[in-house]
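> I need the structure of the sequence given here:
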Amino acid sequence: MASTSQEPSSGARTAHPDHLGHVIFIAAAAAMGGFLFGYDSSVINGAVEAIRDRYDVGSAVLAQVIAIALIGCAVGAATAGRIADRIGRIRCMQIAAVLFTVSAIGSALPFALWDLAMWRVIGGFAIGMASVIGPAYIAEVSPPAYRGRLGSFQQAAIVIGIAVSQLVNWGLLNAVGGDQRGELMGLEAWQVMLGVMVIPAVLYGLLSFAIPESPRFLISVGKRQQAQRILEEVEGEDVDFDARIAEMEHAMHREEKAGFKELLGGSFFFKPIVWIGIGLSVFQQFVGINVAFYYSSTLWQSVGVDPTDSFFYSFTTSIINIVGTVIAMIFVDRVGRKPLALIGSVGMVIGLALEAWAFSFDLVDGKLPAAQGWVALTAAHVFVLFFALSWGVVVWVFLGEMFPNRIRAAALGVAACAQWIANWAITASFPSLADWNLSGTYVIYTVFAALSIPFVLKFVKETKGKALEEMG
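Residues are numbered from 1 along each chain as shown. Coordinates of the predicted model:
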């Protein structure tokens, strides 16, 4: 059904919470799943060469061990929506926290390569769940006036998790003299890197007990009074809550009951709105952003950068990622989601094209020529900056907002599943593509960044300032 352009009669669109700090705490606690998402995705960067050495495997097998977690991510993302709709958003977070904890312990104490891969799949399942439930929950508890900024917490947490993992890796490597297999606390350093994740995993589980259930889920299971109490917490007392709950119930009743089959329709299997979500997810990954975090130290070493310096450059990339995310958080509710996405696409095209040019030169004594080396480093940071201030944030905000209420969790699950499959495709293919032609690989990423511009212009609608009940 077409959405209305009129302001909701309850006054929800202009609602301001009486205790904004409490709402920020709720969003930040939910975004801890994003922190674990970023940490677990990136921490493997510090263990790649140690795993290769300990288990004596080649690049192809190593790439699959690194990328296999993404298969778990896809499964977790695909199932999280249904789990969240059946048992609630909070219970879903708690399941993810347990899986993160189990994965951290198992990855730190593997018997062989096969069970290391298994523990990574379990961690991936948790990441997939967190990638769906975080943005969906934050969107559902946020007042419309603040939803873009609060929705940005998911990506902010991801990039902080990436940076912290790089910092932990750097600190642990320094403690053992730069040897990833050096002994630390009775284990090899890379095992400790993977095991440290147990700390934020337990914290995530504890925080899930301190935040309320989504009012939209409570209404869907008939708990209206409890939903109203939570709405009073997060939207303030100036809202007409009877009208607000009636709006939500009306929006739920006019949409189909959530489920995979209700996402089907149209002439191309899924409904158009689901395809747009899938498109956003795929473009976010096909620009090659995760190459910068899964393989950054290996990449810089391959073009002649000293191993110690390569970890430093990986960390500076993470800092740039945080800076870009903060910029996006400032402007996402002011400028809007769509303009930021377009600005980011243009910037990524420039950065990726310059990297492709720099990597096209032959190595001299195992290194890029000085000018091309500096261009490659600068362009890599430009690319990450423009990704972070645009697609890194706005895709998660869009996915939390753009779907009609009754299919939001299920549709977000499909879109996130597509994102993880795309992530796996990029991660698993990069070592082979880089061996074939590193410059050509970056040309491919540049093309996808360029194609994202007409996609956004033609298919993506602005969601800035709209109540979730208006989506559809």
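> switch to C-alpha atoms for all contacts and neighbour counts from now on
Noted.
> contact partners for the nearest residue to A157 once chain neighbours are set aside?
Computed as CA to CA, 6 or more residues apart in numbering, the closest residue to A157 that is not its neighbour in sequence is F35, at 4.4 Å. By CA atoms under 8 Å, 6 or more residues apart in numbering, the residues touching F35 are Q154, A157, I158, V159, I160, G161, I162.
> in a strand, F35, correct?
No. F35: not assigned to a strand; according to DSSP: H, G, I helix; E, B strand; the rest coil it is helix.
> looking at the contacts of F35, which are in strands?
Using DSSP state E, the subset of the contacts of F35 located in strands is empty.
> picking up where we left off before, check the gap between the residue nearest to A157 and Q166 for me.
13 Å (CA to CA, to the nearest Å).
> do I245 as well
45 Å.
> ok, the two, which is more surrounded?
Using other CA atoms under 10 Å, the more surrounded residue of I245 and Q166 is Q166, with 27 against 20.
> for the more buried one, what are its contacts?
S42, V43, G46, F311, S314, F315, S318.
> please identify which pair of the residues you listed lies farthest apart.
G46 and S318 (13.8 Å; CA to CA).
> what's the distance between A108 and V192?
Distance from A108 to V192, by CA to CA: 6 Å.
> could the contacts of Q166 go into TSV alongside pLDDT?
What follows is these, written out as TSV (pLDDT from 0 to 100):
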residue	pLDDT
S42	78
V43	83
G46	76
F311	66
S314	72
F315	76
S318	81
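> of these, select the buried ones using a ChimeraX command.
Those of these that count as buried under 16 or more other CA atoms under 10 Å are selected in ChimeraX with:
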select :42,43,46,311,314,315,318
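> now distance to V382 and secondary structure too, for the contacts of Q166, in a markdown table please.
Below are the contacts of Q166 laid out as a markdown table (distance: CA to CA, whole Å; DSSP: H, G, I helix; E, B strand; the rest coil):
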| residue | distance to V382 | secondary structure |
| --- | --- | --- |
| S42 | 20 | helix |
| V43 | 23 | helix |
| G46 | 23 | helix |
| F311 | 18 | helix |
| S314 | 14 | helix |
| F315 | 15 | helix |
| S318 | 12 | helix |
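> which one of the contacts of Q166 sits closest to E235?
S318 (34.0 Å).
> count the residues that sit near the residue nearest to that closest one when sequence neighbours are not counted.
Nearest non-adjacent residue to S318, counting by CA to CA, 6+ apart: A163, 4.9 Å away. A163 has 27 neighbours, counted by other CA under 10 Å.
> can you tell me how far A163 is from A425?
23 Å.
> and the gap between S452 and D333?
21 Å.
> ugh, wrong one, I meant A246
For A246, the distance to D333 - CA to CA - is 26 Å.
> which one's more surrounded, the two?
Ranked by neighbour count (other CA under 10 Å), A246 and D333 place D333 first, with 20 against 14.
> now do the strands in the protein.
Going by DSSP E, the chain shows strands at 183-184, 187-188.
> got TSV for those, with mean neighbour count and distance to I444 too?
Converted to TSV, those look like this (neighbours: other CA atoms under 10 Å; distance: least, CA to CA, whole Å):
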stretch	mean neighbour count	distance to I444
strand 183-184	16	41
strand 187-188	16	37
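> quick one: closest of the ones you listed to V75.
strand 187-188 (30.6 Å).
> could you give the mean pLDDT of the closest one?
Averaged across strand 187-188, pLDDT comes to 90.
> that one pairs with which strands?
strand 183-184 (antiparallel) (DSSP bridges).
> distance between the strand it pairs with and the chain's centre?
32 Å (CA atoms, centre = their mean, to the nearest Å).
> and what of stretch 136-148?
Using CA atoms, centre = their mean, the offset of stretch 136-148 from its chain centre is 17 Å.
> with stretch 63-82 instead?
The answer for stretch 63-82 is 13 Å, by CA atoms, centre = their mean.
> swap in stretch 133-145?
Distance, centroid of stretch 133-145 to centroid of chain: 15 Å (CA atoms, centre = their mean).
> ok, so what distance separates R408 from E462?
R408 is 17 Å from E462, by CA to CA.
> which of those two has more residues huddled nearby?
Neighbour comparison, R408 and E462: the larger count goes to R408, with 25 against 13 (by other CA under 10 Å).
> wait, the more buried one sits on Y137?
No. Contact criterion CA atoms under 8 Å: R408 and Y137 do not qualify, at 10.4 Å.
> neighbours of the residue lying closest to G46 once chain neighbours are set aside, how many?
Leaving aside its sequence neighbours, G46 sits nearest to N169 (CA to CA, 6+ apart; 5.8 Å). Using other CA under 10 Å, N169 has 27 other residues around it.
> correct me if wrong: N169 contacts V48.
No. Taking CA under 8 Å as the definition, N169 is not a contact partner of V48, at 11.6 Å.
> ranges for the helices of the stretch 101-250 of the chain?
Secondary structure of the stretch 101-250 of the chain (DSSP state H, counting those that start in this stretch): helices located at 113-141, 147-175, 189-195, 198-208, 215-220, 224-235, 241-254.
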